[in-house]
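# Okay, sequence plus prediction incoming.
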Amino acid sequence: MEPVFGQIKQGRGLRQFLLRGFEKVSAEWKLWGLTHNLRKLHVAWTA
């Protein structure tokens, strides 16, 4: 699972969360994960 963190942090530019508080950060991280997975599906679909 570590490569996912590296890909999101390095490739997508996530350096810090925009929101504060556990619940908000958790929701923001889920959005980052969702967009990461959607991007992977898009690349696989169009290849």
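That came through fine. Residues are numbered from 1 along each chain as shown.

# Give me the residues contacting stretch 10-30.
Residues from elsewhere that reach stretch 10-30 (CB atoms under 8 Å, 6 or more residues apart in numbering): I8, K9, W32, T35, H36. Placement of C-beta: from N, CA and C, glycine included.

# So for the helix or strand containing G33, what gets flagged as buried?
G33 is part of helix 22-46 when elements are defined by DSSP states H and E. Of all the residues in helix 22-46, those buried under the rule 16 or more other CB atoms under 10 Å are W32, H36.

# In the contacts of stretch 10-30, find the pair that's most separated.
Checked with CB to CB, the contacts of stretch 10-30 reach their widest spread between K9 and T35, with 13.5 Å between them.

# pLDDT on the helix holding G33, on average?
For helix 22-46, the mean pLDDT works out to 93.

# Repeat that for stretch 6-13.
82.

# since we're on L14, how many residues are nearby?
L14 has 16 neighbouring residues, counting by other CB atoms under 10 Å.

# Specify the local secondary structure of it.
Following DSSP: H, G, I helix; E, B strand; the rest coil, we place L14 in the coil state.

# Dump stretch 15-24 to CSV, restricted to CA.
Provided in CSV are the C-alpha atoms of stretch 15-24 (Å, rounded to 0.1, in the frame of the first residue of the first chain):
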residue,chain,number,x,y,z
ARG,A,15,1.8,18.0,0.7
GLN,A,16,-0.8,18.9,3.4
PHE,A,17,-4.4,18.6,3.9
LEU,A,18,-6.6,21.6,3.3
LEU,A,19,-9.0,20.9,6.1
ARG,A,20,-8.6,20.4,9.9
GLY,A,21,-10.0,17.8,12.2
PHE,A,22,-10.0,14.0,11.9
GLU,A,23,-13.4,13.7,10.2
LYS,A,24,-12.6,16.3,7.6
